[in-house]
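Asks: make a model of this:
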Amino acid sequence: MNFELRQLEAFVAVAEELHFGRAASRLHIAQPALSQQILRLEATLGADLLVRQRRRTALSEAGRLFLVEARRTLQQARVAQTVAQRAQRGELGRLRIGYTPTASAQQFLQLLGEFQRAVPEVDLSLSELPIGSIATPLRDDLVDIAFVVTLGQFDCDWLGEDIELRQLSCEAFVAAVPAGHRLADRAEIDVADLADETFAFLSRDLCPHWFEMVAGVCRTAGFTPRLVHQAGEVGTQLTLVAAGLGVALVQESARMLRGDGIAYLPIRHPVPRVSSGVAWRAADPSPVLGRFRAALPNC
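Replies: Here you go, the predicted model:
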């Protein structure tokens, strides 16, 4: 079976007007062209849809029943057209998001909330990714975008021409010490002030760049840090600090994750700063991704 939507539109117009002249005028086509479309449709169906009389046109029984389905088909075609157009504008579809659950993710999650309110019919799915595990999910097409926490030149060796990165924010490292610690009341400290402390680090296996960066900062300050625990994520680091089991160097926004039982102290001499951003596959043609990228702030 091979008929066109315009033939269905022609038939519906004739069926509703029951007059070829009025139907042709409604469709803005010549009456002979309209008649030919109806004849071709009837030939394709192998059924007479109209009863043609000298002074009137009526629907046959086949035409009466076909009209119901023709209207339904045209309505569905309009729905399909709208869906395709909205998808092209990034108003429909899905966005798979990988993110590192750090304090600095709050800005990113706020952006996601604003995006969801703007395009509520886009399906957003979130997956947690450990620090340092960004490139593989992107390159394996497991996520469409990834929230990234980086140390700039220290841990961006995974970037390439196939992945783009947009920076959202930049923040300093601070020292996290237990409340009541001998340094807790200081306005700021030097890293060297922590030389006699035990440290809670992010795991070397999960976050090798972060581990080496913090260890390097300590060595530059003249000491090798003593490790008491290695944590899988920042929240665990802070729990260890609050329990009095060590101190840590963490990003400034970590205070949003936990404030009780911990004092956060600015570091007097600069250490590498933490950047937060969003990464995606450079060649990804997704309209939803394009719409989200357009909503990102330019930093």
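
Asks: find the nearest non-adjacent residue to residue 19, please.
Replies: Once its chain neighbours are removed from consideration, residue 19 has its nearest residue in residue 57; the separation is 6.4 Å (CB to CB, 6 or more residues apart in numbering). Placement of C-beta: from N, CA and C, glycine included.

Asks: okay, that neighbour and residue 202: tell me how far apart.
Replies: When CB to CB, to the nearest Å is the yardstick, residue 57 and residue 202 sit 80 Å from each other.

Asks: between those two, which one's more packed in?
Replies: Neighbours per residue, other CB atoms under 10 Å: of residue 57 and residue 202, the larger number sits with residue 202, 26 against 17.

Asks: for the more buried one, give the beta-bridge partners.
Replies: In this entry, residue 202 is beta-bridged to residue 231, by DSSP bridges.

Asks: you'd agree it is up against residue 233?
Replies: Yes - Residue 202 sits in contact with residue 233 when judged by CB atoms under 8 Å, with a separation of 7.4 Å.

Asks: packing partners for the helix or strand of the chain with the lowest mean pLDDT?
Replies: The least trusted helix or strand in the chain, going by mean pLDDT, DSSP states H and E, turns out to be strand 226-231, with a mean of 82. Counting contacts by 3 or more CB pairs under 8 Å, 6 or more residues apart in numbering; DSSP states H and E, strand 226-231 is packed against strand 198-202, helix 234-242.

Asks: tell me which residues of it are tucked away?
Replies: Along strand 226-231, the positions that meet the burial threshold by neighbour count (16 or more other CB atoms under 10 Å) are 229-231.

Asks: same deal with stretch 289-299?
Replies: 289, 291-293, 296.

Asks: likewise stretch 209-217?
Replies: 209-211, 213-215, 217.

Asks: return the item of the residues you listed having minimum pLDDT.
Replies: Least confident by pLDDT among these: that is residue 209, with 77.

Asks: picking that back up, closest one of the buried residues of strand 226-231 to residue 53?
Replies: residue 231 (87.3 Å; CB to CB).

Asks: ok, the closest one touching residue 203?
Replies: Yes - between residue 231 and residue 203 a contact is recorded at 6.4 Å, counting by CB under 8 Å.

Asks: ranges for the helices of the stretch 51-200 of the chain?
Replies: Read by DSSP state H, counting those that start in this stretch, the stretch 51-200 of the chain holds these helices, from start to end of the chain: 61-88, 105-118, 135-139.

Asks: can you give the contact residues for the shortest one?
Replies: The contact list for helix 135-139 (CB atoms under 8 Å, 6 or more residues apart in numbering) reads 98, 127, 129, 142-143, 146, 158-159, 162-163, 279-281.

Asks: let's see it at 10 Å
Replies: Applying CB atoms under 10 Å, 6 or more residues apart in numbering, the external contacts of helix 135-139 come out as 96, 98, 127, 129, 142-146, 148, 156-160, 162-163, 279-281, 284.

Asks: of all the residues in that helix, which ones are buried?
Replies: Along helix 135-139, the positions that meet the burial threshold by neighbour count (16+ other CB under 10 Å) are 135, 137-138.

Asks: with the longest one instead?
Replies: Along helix 61-88, these residues count as buried under the neighbour rule (16+ other CB under 10 Å): 63, 66-67, 70, 86-87.

Asks: what helix or strand is the residue lying closest to residue 67 once chain neighbours are set aside on?
Replies: With CB to CB, 6+ apart as the criterion, residue 67 has its nearest non-adjacent residue at 4.8 Å, and that residue is residue 15. In this structure, residue 15 is located in helix 5-17 according to DSSP states H and E.

Asks: what's the angle from that helix to helix 61-88?
Replies: Using axes from the mean of the first three to the mean of the last three CA atoms, to 10 degrees, the inter-axis angle of helix 5-17 relative to helix 61-88 is 130 degrees.
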